[in-house]
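Peer 1: coords below, sequence missing:
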């Protein structure tokens, strides 16, 4: 019971790190970016290649995966995404689906279609006995690391100059621009941070979520749920949504495996119907 | 809706009445010509007709009513399973199978439309996606009924109208699909030109103004959703009856995405757009995916990215621009 809970929390935190970039593009900038998972996948593959084939240490590979995804994010934002801000949702949907297809095909071609596996370093493998439950060390590491990321994001958004600029740009882009805030650059930097975090999440998730060329499509729905249910104006909303989703998902797979992913999709539709406020708030903020 | 869709609604330079008529005659003549000239490719052409019907159903919803969906495969798949299951359970009459499939999908459309249209654009998008995923998972898990991942086997369809048997070469299958497509296309033309169709276009252009004019916006959109669902379902049912097999991927996200791709490929918001897009898409798919599947997937992705950045109009827009240039050259 406790083990399931801890596993759920760990995968929820992972989902948050993966999805928080999307909560900025989709929630704040009102851009339907279905290709967000592609950045996670990119980070994951960079991580796997560096760790397995180049023999880099765990931490360095993680850092490199994050940076690679961030750089990819900036490049795509500047070259492609920028042209579709303010277009209608159908255009954005088609564009980002196209990106997903291309990303999956390229990865399939370069790395093959099979699941990627990694061997964790010794200090991260094994389990700890905590009273009644035994907890994987890696799960604990995930919770701590992702918790630190959440905290950093929250502080960054609430108490730095960049955070207040971002919030201003989101609340009213026109007025923010009038006040001399470089809205475009703020969004670009935010996009980079979001992609980088997705890369970090993808790298950390190789062990938990798996990694193959279908990754962006498989987890697209999960990311969308996190953003849709969590709302966008805080870090806390998506964070709670991700935790809930992680726990429900793991518990569902553990206790009622015959129903499978049905639980998640049902939960998504029901939550969207009960609480569309997060989305409505965004619509008003535009 | 913002700029791009409004742009699609602007009047285009009319390519002349005679030219347009010739184009249409050429288009429909090509289907017959294909039947006579390439008897070996009939199964492929049957797929084209079915894909064209699916694209047509999406066009009614996305192009005319302006409702964006990511889960239209839900209705396609529902139709395929209804028709397939009927035939497996011993009722293989094809036309009533199509009608029942259409009715089932229209019902599902009526039930889910309020959920889809309830929130904003974004919430609707995700609800369509979620519903399609739910159906996919349901069909996957209910293996006792649907065959699950192995697909539904043993679909036995009776002769069409009691006369034409489904033959090995796919002749009946092709002509049957083509006849259904032509019939439903003609119906769609009537619907689009009716006051109902005009109201839909008005809603897409400016929902608030249509509301002020006294059009029951919500009711019109729900009706359009159900209508489009029924069309998609007939396409799915045709697939099940002509291939005598239903695989799980009739419900997949890939299918919804491909439908949208055909639509933008051909030209959104015009009935011939979806048809042309489907022809280009399925034929290209057939010949390109023989090389490598990844290659094909990469180029669909690239086509989507380029088409959306370059703006919509698709093949049809391209043809019209060409025709306009030709006329100007002559003048």
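Peer 2: Ah, there it is. No experiment lies behind these values; they were computed from the predicted model shown.
Peer 1: how far does stretch A:169-178 sit from the chain's center?
Peer 2: How far stretch A:169-178 lies from its chain's middle: 26 Å, per CA atoms, centre = their mean, to the nearest Å.
Peer 1: what bits of the stretch 1-150 of chain B have low per-residue confidence?
Peer 2: B:1-16, B:119-120 (pLDDT under 70).
Peer 1: Tell me where it has strands.
Peer 2: Secondary structure of the stretch 1-150 of chain B (DSSP state E, counting those that start in this stretch): no strands present.
Peer 1: Helices of that one, residue ranges please.
Peer 2: With DSSP state H, counting those that start in this stretch as the criterion, the stretch 1-150 of chain B has helices at B:3-9, B:17-37, B:42-58, B:73-88, B:94-118, B:121-141, B:143-146.
Peer 1: Most tightly packed of those?
Peer 2: With neighbours defined as mean count of other CB atoms under 10 Å in any protein chain shown, those peak in mean count at helix B:73-88, which reaches a mean of 28. Where you see a C-beta, it was placed from the backbone N, CA and C, and this is true even at glycine.
Peer 1: the inter-axis angle of that one versus helix B:42-58?
Peer 2: Going by axes from the mean of the first three to the mean of the last three CA atoms, to 10 degrees, helix B:73-88 is angled at 130 degrees with respect to helix B:42-58.
Peer 1: Next, see if helix B:73-88 gets close to chain A.
Peer 2: No. On the criterion CB under 8 Å from any CB of the partner chain, helix B:73-88 is out of touch with chain A, staying 11.4 Å away.
Peer 1: For that helix, which helices and strands make contact with it?
Peer 2: helix B:94-118, helix B:121-141, helix B:143-146, helix B:217-243, helix B:253-266 (3 or more CB pairs under 8 Å, 6 or more residues apart in numbering or on different chains; DSSP states H and E).
Peer 1: for the helices of the stretch 1-150 of chain B, which one sits closest to residue B:155?
Peer 2: helix B:73-88 (4.5 Å; CB to CB).
Peer 1: Is it possible to get the helices and strands packed on helix B:73-88 out as CSV so that each row also shows distance to chain A?
Peer 2: Compiled in CSV, the helices and strands packed on helix B:73-88 are given as follows (distance: least, CB to the nearest CB, whole Å):
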stretch, distance to chain A
helix B:94-118, 6
helix B:121-141, 4
helix B:143-146, 10
helix B:217-243, 15
helix B:253-266, 5
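Peer 1: Of those helices, which is nearest residue A:15?
Peer 2: Judged by CB to CB, the one of those that comes nearest to residue A:15 is helix B:121-141, at 16.0 Å.
Peer 1: what angle sits between that closest one and helix B:94-118?
Peer 2: Per the same axes, to 10 degrees, the angle that helix B:121-141 makes with helix B:94-118 is 140 degrees.
Peer 1: between helix B:121-141 and helix B:253-266, how many degrees?
Peer 2: Relative orientation of helix B:121-141 versus helix B:253-266 (the same axes, to 10 degrees): 130 degrees.
Peer 1: quick one: helix B:121-141 to chain centroid distance?
Peer 2: The answer for helix B:121-141 is 18 Å, by CA atoms, centre = their mean.
Peer 1: just checking, what packs against it?
Peer 2: Secondary-structure packing of helix B:121-141 (3+ CB pairs under 8 Å, 6+ apart): helix A:89-111, helix A:215-230, helix A:262-274, helix A:277-285, helix B:73-88, helix B:94-118, helix B:253-266.
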